[in-house]
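Participant: Got a sequence here, can you model it:
(one chain, ligands or ions: 1)
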Amino acid sequence: MSQNWEMLKKEFAQRIAEANNLQGIETIRVELLGKKGRIASIMSEMQNIAKEEKKNFGMAVNELKQTTEQLLKVRIAQLKEIEMQKKIAEDTIDITLPAAKLKYGTLHPLTIVQREIEDIFIGMGYAIETGPEVELDYYNFEKANIPADHPARDMQDTFYVDNNRLLRTQTTAIQMRVLEKEHDHLPIKVICPGKVYRKDDDDATHSHQFVQIEGLVVGENITMADLKGTLELLARSMFGKDREIRLRQSYFPFTEPSLEIDVSCHICGGKGCPTCKQTGWIEILGAGMVHPHVLEMAGIDSEKYSGFALGVGVERVAMLKYGIDDIRNFYSNNIEFLDNYKRFE
Ligand code: DAH
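Facilitator: The predicted structure follows:
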């Protein structure tokens, strides 16, 4: 049986050229070159070929096969390229499209105020000290001149852990630890920030947990004038350079004399408004000269050395500064509330 090789070549070439995707060309490859394909079937005719023709027939089939393989290879490469280009075109990213906004966190308003106060004191050369929240009665009360049965214990309703341990009610406990630890390394100049706890019912102005910052300076010739200058600088840095301060006599067991400090109202400038309850003044912190007995208990010679201390409530300052009227806002994790403080960071 003779074959028209040229016609076969032409037909195969045409079939291959017509395939227009990779799936189509695979079907054609199987049809032409597969085990049961056209070329295999032509080859199987070899047995019917006269002996002297076999060689030529074999050569011709081989050539047909090779040509077909070559054409397939080229066409497959072409189709792969076409599909790749198509994919690239489809996958193009539109870089002019506005990106989805990232939600990023912010510092908590209490953190912002705490850091602000810390920065003011660090600027005056103070170091920062911390202490345990589960504290010994000894540091929270005894060393602060508040022995058992002292009526001042009633001022701070306490969460007791056991007879000796409690959740500290004041950062004054850290002050007492610092005095004890540093009594041989005077002068002392530290602030002590930290959480404190009181057995209070939560309402708009009370929280069973809040943040205080204690200040302590001990050395030779430390006087009330130093305290006053420090408080003035603190008040003006926090509430504006025109603020005045006013010292009022008060009582704390660990200071003598004890003071309550008012700052002229930053809302009305002192004329009187709802924030300052028409008085022109706002109470911001407690302070005083460290009680000589407290110094002596820590092993410091109260004839030679003196000191001042202060305690400021961070929530209170933040509420005044930002005009927040309910302390519970700080602990409610309300994102809308917290987002207001982004610009203060
Ligand atoms: N510990 C006091 C309180 O929690 C605040 C305080 C007042 C601290 C006067 C002081 C101070 O260091 O001198 O109410």
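Participant: Can you report how many residues neighbour L310?
Facilitator: By other Cβ atoms under 10 Å, 23 other residues sit near L310. Where you see a C-beta, it was placed from the backbone N, CA and C, and this is true even at glycine.
Participant: That one contacts L227, correct?
Facilitator: Yes: if you go by Cβ atoms under 8 Å, L310 and L227 touch, sitting 7.3 Å apart.
Participant: Quickly list what's touching both of those two.
Facilitator: 287-288 (Cβ atoms under 8 Å, 6 or more residues apart in numbering).
Participant: Report pLDDT for S2.
Facilitator: pLDDT for S2: 62.
Participant: backbone phi and psi for whatever residue of the stretch 201-345 of the chain ends up closest to the ligand, please?
Facilitator: Of all residues in the stretch 201-345 of the chain, G311 sits closest to the ligand, at 2.4 Å by Cβ to the nearest ligand atom. Backbone torsions of G311, given as degrees, to the nearest 10, read phi -140, psi 120.
Participant: Can you give me the neighbour number for it?
Facilitator: Neighbours around G311, by other Cβ under 10 Å: 22.
Participant: likewise the one 10 residues further on?
Facilitator: For K321, the neighbour count with other Cβ under 10 Å is 17.
Participant: isn't it right up against S237?
Facilitator: No: when contacts are counted by Cβ under 8 Å, K321 is not listed as touching S237 (11.3 Å).
Participant: sorry, back to before: the residue of the stretch 201-345 of the chain closest to the ligand: what's it in contact with?
Facilitator: 170-172, 212-215, 285-287.
Participant: roughly how far apart are the residue nearest in space to the middle of the chain and V314?
Facilitator: The residue lying closest to the centre of the chain (Cα atoms, centre = their mean) is G105, at 6.1 Å. Note on G105: its distance to V314, by Cβ to Cβ, to the nearest Å, is 20 Å.
Participant: ditto for R343
Facilitator: Applying Cβ to Cβ to R343 and V314 gives a distance of 19 Å.
Participant: Please compare those two by neighbour count and tell me which comes out ahead.
Facilitator: Comparing R343 with V314 by other Cβ under 10 Å, the one with more neighbours is V314, at 23 against 7.
Participant: Now the more buried one: closest residue in space that isn't a chain neighbour?
Facilitator: Ranked by Cβ to Cβ, 6 or more residues apart in numbering and with sequence neighbours excluded, the top spatial neighbour of V314 is V211, at 3.9 Å.
Participant: What's the first helix or strand after the helix or strand encompassing the one you found?
Facilitator: Assessed by DSSP states H and E, V211 sits inside strand 209-219. Later in the chain than strand 209-219, the nearest helix or strand by DSSP H and E is helix 224-239.
Participant: For the helix or strand just after that following helix, name the packing helices and strands.
Facilitator: Sequence order places strand 245-250 as the next helix or strand after helix 224-239, per DSSP H and E. Applying 3 or more Cβ pairs under 8 Å, 6 or more residues apart in numbering; DSSP states H and E, we find strand 245-250 packed against helix 224-239, strand 255-264, strand 281-290.
Participant: Convert strand 245-250 to PDB, retaining C-alpha atoms only.
Facilitator: Presented in PDB, the C-alpha positions along strand 245-250 are these (Å, rounded to 0.1, in the frame of the first residue of the first chain):
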ATOM      1  CA  ILE A 245      -1.100  77.000  91.600                       C
ATOM      2  CA  ARG A 246      -2.500  77.300  95.100                       C
ATOM      3  CA  LEU A 247      -1.400  75.300  98.100                       C
ATOM      4  CA  ARG A 248      -4.000  74.300 100.700                       C
ATOM      5  CA  GLN A 249      -3.300  72.700 104.000                       C
ATOM      6  CA  SER A 250      -4.300  69.100 104.200                       C
END
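Participant: Report the mean per-residue pLDDT for the longest helix seen in the chain.
Facilitator: The longest helix of the chain (DSSP state H) is helix 51-91. Helix 51-91 comes out with an average pLDDT of 93.
Participant: Relative to the whole chain's centre, how far out is it?
Facilitator: Relative to its parent chain, helix 51-91 has a centroid offset of 61 Å by Cα atoms, centre = their mean, to the nearest Å.
Participant: can you give me the strands in the stretch 1-150 of the chain?
Facilitator: In the stretch 1-150 of the chain, the strands defined using DSSP state E, counting those that start in this stretch lie at 127-128, 134-136.
Participant: got the residues of the stretch 51-200 of the chain near the ligand?
Facilitator: For the stretch 51-200 of the chain, the contact set with the ligand under Cβ under 6 Å from any ligand atom comprises 170, 172, 175.
Participant: how about low-confidence regions in the protein?
Facilitator: 1-2, 345 (pLDDT under 70).
Participant: So which bits of the host helix or strand of A173 are buried?
Facilitator: According to DSSP H and E, A173 maps onto helix 172-182. Neighbour-count burial for helix 172-182 flags 172-179, 182 (criterion: 16 or more other Cβ atoms under 10 Å).
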